[in-house]
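[1] Structure of the sequence below:
(chains A, B, C and D)
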Number of protein chains: 4
Amino acid sequence: MDFSIAPRLQELIGKFRAFVSAQVIPLEKQMSAGWPVLEPLLREARAQAQREGLWGPQLPRDLGGLGLPLEEFALVSEELGRSPLGHYAVNSQAPDSGNMELLREFGSEAQKERWLKPLTEGRIRSCFSMTEPDRPGSNPTWMSTRAVLSDGQWVIDGDKWFTSSADGARFAVVMAVTEPEAAPHLRASMIIVPLDTPGFTLVRNIPVMGHAGGGWASHAEVRYAGCRVPEENLLGGRGFGFALAQERLGPGRIHHCMRWIGICERAFELMCRRAASREISPGKPLATRQTVQEWIAESRAEIDAARLMVLHAAWKMERVGQRAARVEISTIKFVVAGVLQRVLDRAIQVHGALGVTDDTPLAFWYREERAARIYDGPDEVHKQVVARRVLRGFGVDLK
Amino acid sequence: MDFSIAPRLQELIGKFRAFVSAQVIPLEKQMSAGWPVLEPLLREARAQAQREGLWGPQLPRDLGGLGLPLEEFALVSEELGRSPLGHYAVNSQAPDSGNMELLREFGSEAQKERWLKPLTEGRIRSCFSMTEPDRPGSNPTWMSTRAVLSDGQWVIDGDKWFTSSADGARFAVVMAVTEPEAAPHLRASMIIVPLDTPGFTLVRNIPVMGHAGGGWASHAEVRYAGCRVPEENLLGGRGFGFALAQERLGPGRIHHCMRWIGICERAFELMCRRAASREISPGKPLATRQTVQEWIAESRAEIDAARLMVLHAAWKMERVGQRAARVEISTIKFVVAGVLQRVLDRAIQVHGALGVTDDTPLAFWYREERAARIYDGPDEVHKQVVARRVLRGFGVDLK
Amino acid sequence: MDFSIAPRLQELIGKFRAFVSAQVIPLEKQMSAGWPVLEPLLREARAQAQREGLWGPQLPRDLGGLGLPLEEFALVSEELGRSPLGHYAVNSQAPDSGNMELLREFGSEAQKERWLKPLTEGRIRSCFSMTEPDRPGSNPTWMSTRAVLSDGQWVIDGDKWFTSSADGARFAVVMAVTEPEAAPHLRASMIIVPLDTPGFTLVRNIPVMGHAGGGWASHAEVRYAGCRVPEENLLGGRGFGFALAQERLGPGRIHHCMRWIGICERAFELMCRRAASREISPGKPLATRQTVQEWIAESRAEIDAARLMVLHAAWKMERVGQRAARVEISTIKFVVAGVLQRVLDRAIQVHGALGVTDDTPLAFWYREERAARIYDGPDEVHKQVVARRVLRGFGVDLK
Amino acid sequence: MDFSIAPRLQELIGKFRAFVSAQVIPLEKQMSAGWPVLEPLLREARAQAQREGLWGPQLPRDLGGLGLPLEEFALVSEELGRSPLGHYAVNSQAPDSGNMELLREFGSEAQKERWLKPLTEGRIRSCFSMTEPDRPGSNPTWMSTRAVLSDGQWVIDGDKWFTSSADGARFAVVMAVTEPEAAPHLRASMIIVPLDTPGFTLVRNIPVMGHAGGGWASHAEVRYAGCRVPEENLLGGRGFGFALAQERLGPGRIHHCMRWIGICERAFELMCRRAASREISPGKPLATRQTVQEWIAESRAEIDAARLMVLHAAWKMERVGQRAARVEISTIKFVVAGVLQRVLDRAIQVHGALGVTDDTPLAFWYREERAARIYDGPDEVHKQVVARRVLRGFGVDLK
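    Predicted coordinates:
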């Protein structure tokens, strides 16, 4: 094995780090002011990213990006993750990055021209509409939204929620059952729905952990009621919805996990800085407490282990494909989400009362990232996936 | 030992439970609307509490309360804790309840007339001003706020934060060093400062976990700059600040811990109800998952253990006094704060995406009660207190 | 609630404590010498217990015991648990105590005369033969041992293991299926089998955690091959095996749990003494380390919580019966077994290299009591029992 | 990064795996028979290893070994670790491997000829005598054993314990203070003491977790009382004892950690096999339980993370040296020791009663490897080392 990072990549990582520190972190204090205040500031940061040649690190070069392979983008994603606004500032933010990937791989030329191009240029935003309030995330094939082909149009009916960033988005990629008689994994299709389509309603931005948010920073409940779009808005083939979602999943998992590791590193630094500077009695810093030292050591160990696991998963995925790396892709989900929560918790505790205030980003991440253990499949489901794969090697086939 | 609860007390507990369910829980959905909306609704609930004979359960009868002994009030406090608004609705809320206790035990007749009476009647609110931003809560005797006697007036200078509920309060009980040359535990005194005193500034309601809040539901940063109050505003004797704070601490600990247990029970019910009703596939509830069952069993065990410990601590405190029950008073702090966090975390996980929304009170408590492991002395400090007491019995005296 | 302990009981507890310290703990160093060396020493200790009026605290007075109710015996059991030999020294040891209870409640006069009397006098030993190597403890009704009535005799065939203390025992109480066509819980019966019955074989004392042991301190694998005993050796009615086992379970759980708490208290003392006396640098005891202090505080809290839970369960069981206290009886199993393991682990860690040697009893308990989380139903099964009972209150009936 | 393993190395690993399965694991059932029975069997296995070209994988080629670099030996060590006897069978066992390294790097030609040669050939055994019963392992420079140069001889006096494998060893490498006036880290030297030297006594093989053991498989308490050896038995320079011990530490840490990972993998397989084969009701394997699935998934994740961390530490150590890799060397100690204990614990629980018997190797490892969290510096000390290094980067120098 060779754990070294090429000098060229190290240099690029350094540029992203500098960009995040100089252009993005200073905007964080405006986060509580809301999206209308934040969006123009981020637009400037995005322009700066373009000037510095940092735009779209995950995008291929012919789409104006840096064309980094997954395992290299992973390390960039960590740097971007150091701020809640990092990915947005270079057009690598969810859910757009996943939609761009879908369109790039499975979109028709017309779809690419109409939707992918402005996305890659950062001129529009999009959303991904899969989760339903009445259906568990642990059983994604059990879905009630329906799309029926009628007169050359898809007629879509159904309720979705956690359609993140729908507020202000130009279009949604909607998962809907189009083949109700097929096998469970072949029932759904992905359909592109412009959000000005009659029958689409943004019911509300869901209040999450105290805030409904707005714009990109929101999670919508939406309704499709007799929503009609042209037949050619189908993305990929009929019944291929889950297959496509799986494709979208692997790289998305790497993005998320490395973003979480970026959060961990920032929290770790804040924790260490606080331990070093806060005095518990005159001249005696908090860092002298053994318990604080243990939190630092355990956090250092957990973050380093998490990063190695994610990089290994990315490396394996690129070599043998997502299917063969399924255990790793599920493993990093629950491992890194757990590390994230523990590191944030320790960092807050080291900050004492300051830790629960919004004077540091820790409280934001503590509440916002509680969802990390839930979305993209709750950790418990991923543990089952891993166990079932492992047990097949011992002659047990559980479903 | 006799673990039975007297029928008379059971009946009273039932009344409080019914009151919270009928009058208080329905107001929760207005919590996000802010204090100006909430306050008049709570005023009505308070009037109802008075009509039902549920006012001031912790207050002595001659002050218009129910005169419950600590170990009985504990069980009432659990019922009130089922809603974030429960204690307020019957005038048992922090920080007023602690201030009423201080005034009742140590206040002069004039102080009682002027401050205690309207507090017990719920006509005014108060705050307690001890924590300082530049001084660690783990070392309470290290304090920078000063009060100097000059021309029959205390002149107070200093910065405080987490002076909870200062916004709209009539007065503060301020801890300030008055005897800088005395031994550390004899340096500070408590002084009553009306908040319209010149020199007092409410700098800001600190944004905590995403919200600055307002009114009773806020945590202020305040400044005392040459703030002058009459000499007779001293509460208790000079240099008795910490001794009084200790007195306030024991019963307050019981209140808090039982409030937390009330939260746990409500979260437990929500968790069980969700497990029972949420289907993971048609006809199969989430409750069939073994992991969910383990969370339920572990939560049940932890909550029951916590309650027994708190009731035992209250019982012991009433029999042998706070000093002899010091180990128990510190133990329940870190035990119950830990149970609270774990139960809330499990309840959220069982709710999935719904758990992070504000559609249940879980997300509110998850972020709001993260502070439970920090305030009133961080858990780590209480563990040290316990260990040091224990180790004395083995011949080691650590400070 | 009243957490006080009657002075009379306190005095009795003190006597048991003194007896264990003076007569039993000194014998521990002979434990590695084996049962033939240990047994005569214990015989002397037993004689001393009889002289001091400490014999059979759990036995009724008419059987020569002290007649303590369950909740009082619980506290005595804790004292006895401070040594691995404590219960044996006063004839309260498993599995004999459980068998005495069965015989006392369900035995015929002849059975009592022949088996119960010498047991209560400590002249013979017995064993309980239920667990089977090929059947999981989590599903006790699934059993392969059969007993068929033929010519006025039960003919028993089957393999059992963890028939503890069979080595040297006079008889076994065997669980065998006698009604194979009945409902699962009504299939088995209990039958008394003298161990000199032809067809009975003690296959081996199972090597457990490095030792096969011997005599009372052993766990046998046994075989019943065409083993014939008179019809009247049936204990209780036909098909009542599980009902009787349930009866035996509740008090046995209290005994075990309080014995574990006794172990915890001894380990706790050893930990504190070591922390107080071991120097990590000249003049600086290990007790100054914050991590050691946290282990002490957490252990103190966990042990105290565990004791309250067990005493409450005993109290409830005596008032409302085992069935109504089912949740509590299952809860204390997994709670106390967990506390036991954590406290022992911490105590060993504080002892460093000494902790893994046999120079303290910690290493013995560490390996011997790993089984606590397995026997009497693995912890995971008890958590399911608790969850299922709780969930019934929410309208879900899981099996 | 490149996580691939060269085909040549994969092939070699396969050979070791096959050797351990065929030649070593079958000997395990003789482990309880004691060293005199085991030693001749192992001698045969060693001969077979030599025939198969598997002798001394960590030894340089000119000493008859395979000359593997550390990061390659690491993966071999994992395979050997699958059996408690694996390393011994190829002459890679502690403490000899460490002593061989010391002699190779720091020994004189005469020392190499006399001690290193027969060690590499497996003709003699050795021990390392550092730990003292009255001195904490957390403070290794605080040592009471003294060596004084007198008439061209070192006269050694002191008590040591956990001088592992002293029983039957030809010589010890003894750490003794030779420069009492020097700075703490420069006080001790290493001296070779043949064990037939007058004044050396093997006081006892310490009973550890129930067994005193014997031969290589033992931990001795020893005494040096006026023990005289020639001046030239000094290993390395005067006062260089700790410097040499540090050199010995890094590679030894890799060996140990990968051995632990080998144990984990074997335990993991046993756990999965048991889960797959044990029925909890007819036709329904234990593997269907969600809790068992979670243990499998968590174990898989933890073992994989641990391996990546150790391989990374080995890689770094070889590139930048032990000093620069100090954080990693300490981190893997506490991380892998923790994983080891958790995986063994889960594997035992899945085995139920079988898990505490000696019918699988799990119970052996459970008790024997409890020491992993203690020896080579308790985990708590390594956490402090990590934290202190980290905190230096934040301007705090603790000690």
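[2] Run through the residues that contact the residue of chain A found nearest chain C.
    Per Cβ to the nearest Cβ, A:Gln290 is where chain A lies closest to chain C, at 3.9 Å. Glycine gets a C-beta too; all of them are placed from N, C-alpha and C. With contacts defined as Cβ atoms under 8 Å, 6 or more residues apart in numbering or on different chains, A:Gln290 is in contact with C:Arg289, C:Gln290, C:Thr291, D:Glu380, D:Gln384.
[3] Next one: the residue of the stretch 101-250 of chain A found nearest chain D from A:His382, what distance?
    When scored by Cβ to the nearest Cβ, the stretch 101-250 of chain A has A:Ser138 as its residue closest to chain D, at 11.6 Å. Here the distance between A:Ser138 and A:His382 works out to 10 Å (Cβ to Cβ, to the nearest Å).
[4] just to revisit the earlier point, how about the residue of the stretch 101-250 of chain A closest to chain D, phi and psi?
    Taking degrees, to the nearest 10, you get phi -70, psi -10 for the backbone angles of A:Ser138.
[5] That one: what's it in contact with?
    If you count contacts by Cβ under 8 Å, 6+ apart, A:Ser138 has them with A:Gly377, A:Pro378, A:Glu380, A:Val381, B:Ile280, B:Gly352.
[6] did I read that right, the third one in a helix?
    What it means is A:Glu380. Yes. Inclusion of A:Glu380 in a helix is indicated when DSSP: H, G, I helix; E, B strand; the rest coil is applied.
[7] Low-confidence regions, the stretch 201-350 of chain A specifically.
    Per-residue confidence of the stretch 201-350 of chain A (counting by pLDDT under 70) places no residue in a weak region.
[8] Go again with 90.
    A:246-250 (pLDDT under 90).
[9] Please list the residues of it that sit near chain C.
    Those residues of the stretch 201-350 of chain A that sit near chain C, judged by Cβ under 8 Å from any Cβ of the partner chain, are A:Arg289, A:Gln290, A:Thr291, A:Glu294.
[10] What's the local residue count around the closest residue to the last one other than its chain neighbours?
    Residue nearest to A:Glu294 in three dimensions, not counting chain neighbours: D:Lys383, with 4.9 Å by Cβ to Cβ, 6 or more residues apart in numbering or on different chains. Counted with other Cβ atoms under 10 Å in any protein chain shown, the burial measure for D:Lys383 works out to 24 neighbours.
[11] Same check on A:Pro84?
    One way to gauge burial is a neighbour count; for A:Pro84, by other Cβ under 10 Å, it gives 21.
[12] same question, A:Glu52
    Around A:Glu52 sit 15 other residues, with neighbours defined as other Cβ under 10 Å.
[13] now swap in A:Ile124 and tell me
    When counting by other Cβ under 10 Å, one arrives at 14 neighbours for A:Ile124.
[14] before we move on, the earlier item: looking at the contacts of A:Gln290, which one is closest to A:Arg51?
    D:Gln384 (46.2 Å; Cβ to Cβ).
[15] Contacts made by the helix or strand harbouring the closest one with the rest, please.
    For D:Gln384, the host element (DSSP states H and E) is helix D:379-392. Surrounding helix D:379-392, the residues in contact under the criterion Cβ under 8 Å, 6+ apart are A:272, A:275-276, A:287, A:290, A:292-294, A:296-298, A:300-301, C:289, C:291, C:349, D:137-138, D:326-327, D:330-331, D:333-334, D:337-338, D:373, D:397-399.
[16] Chain B: which of the contacts of A:Gln290 is nearest?
    C:Gln290 (6.9 Å).
[17] For the closest residue to that closest one other than its chain neighbours, what are phi and psi?
    Ranked by Cβ to Cβ, 6+ apart and with sequence neighbours excluded, the top spatial neighbour of C:Gln290 is A:Gln290, at 3.9 Å. In this entry, A:Gln290 is assigned phi and psi values of phi -60, psi -40 (degrees, to the nearest 10).
[18] now swap in the one 3 residues further on and tell me
    As for A:Gln293, its main-chain torsions (degrees, to the nearest 10) stand at phi -60, psi -40.
[19] What confidence value was assigned to the residue nearest to A:Glu294?
    pLDDT for D:Lys383: 97.
[20] again with A:Thr357
    97.
[21] Indicate whether stretch A:160-170 makes contact with chain B.
    Yes. Judged by Cβ under 8 Å from any Cβ, stretch A:160-170 comes into contact with chain B through A:Trp161, A:Phe162.
[22] A:Leu270 in helix, strand or coil?
    The three-state label for A:Leu270, taken from three-state DSSP, comes out as helix.
[23] ok, now which ones touch it?
    Contact partners of A:Leu270, counting by Cβ under 8 Å, 6+ apart, are A:Ala347, A:His351, A:Thr360, A:Pro361, A:Leu362.
[24] my guess is the first one contacts A:Phe268, does it?
    Yes. Between A:Ala347 and A:Phe268 there is a contact under Cβ atoms under 8 Å: 7.1 Å.
[25] ok, these two, which is more surrounded?
    The neighbour count for A:Ala347 versus A:Phe268, taken as other Cβ under 10 Å, is higher for A:Ala347 (29 against 21).
[26] Most widely separated two among the contacts of A:Leu270?
    A:His351 and A:Pro361 (11.2 Å).
[27] For A:Gly226, give me its contacts.
    Taking Cβ under 8 Å, 6+ apart as the test, what A:Gly226 contacts is A:Val155, A:Ile156, A:Asp157, A:Gly199.
[28] Do I have it right that the first one meets A:Val148?
    I take that to be A:Val155. Yes. Using Cβ under 8 Å as the test, A:Val155 is close enough to A:Val148 to be in contact (5.1 Å).
[29] which residues in chain A form helices?
    Secondary structure of chain A (DSSP state H): helices located at A:7-19, A:35-51, A:70-81, A:86-89, A:96-106, A:109-111, A:117-120, A:241-277, A:290-324, A:326-351, A:353-356, A:362-368, A:379-392.
[30] What ranges in the stretch 1-150 of chain A fall below the confidence cut-off?
    Along the stretch 1-150 of chain A, segments meeting pLDDT under 90 span A:1, A:134-141.
[31] Residue of it nearest chain B, please.
    Closest approach of the stretch 1-150 of chain A to chain B (Cβ to the nearest Cβ) occurs at A:Pro136, with a separation of 4.9 Å.
[32] Tell me how many other residues crowd that residue.
    By other Cβ under 10 Å, the residues close to A:Pro136 number 18.
[33] what about the residue lying closest to A:Asn233 once chain neighbours are set aside, how many residues close to it?
    Excluding its sequence neighbours, the residue lying closest to A:Asn233 (Cβ to Cβ, 6+ apart) is A:Ile192, at 4.3 Å. If you count neighbours by other Cβ under 10 Å, A:Ile192 ends up with 23.
[34] Equivalent analysis for A:Val222, please.
    A:Val222 has 24 neighbours, counted by other Cβ under 10 Å.
[35] how close does it sit to B:Phe364?
    Taking Cβ to Cβ as the measure, A:Val222 and B:Phe364 are separated by 25 Å.
[36] gap between the residue of chain A positioned farthest from its centre and chain B?
    Distance from the C-alpha centroid of chain A, by Cα atoms, centre = their mean, peaks at A:Pro282 (43.9 Å). Using Cβ to the nearest Cβ, to the nearest Å, one obtains 8 Å as the distance from A:Pro282 to chain B.
[37] re the thing from before, OK, contacts around the residue nearest to A:Asn233?
    A:Gln111, A:Trp115, A:Phe171, A:Ala172, A:Val173, A:Val174, A:Val229, A:Asn233, A:Leu234, A:Leu235.
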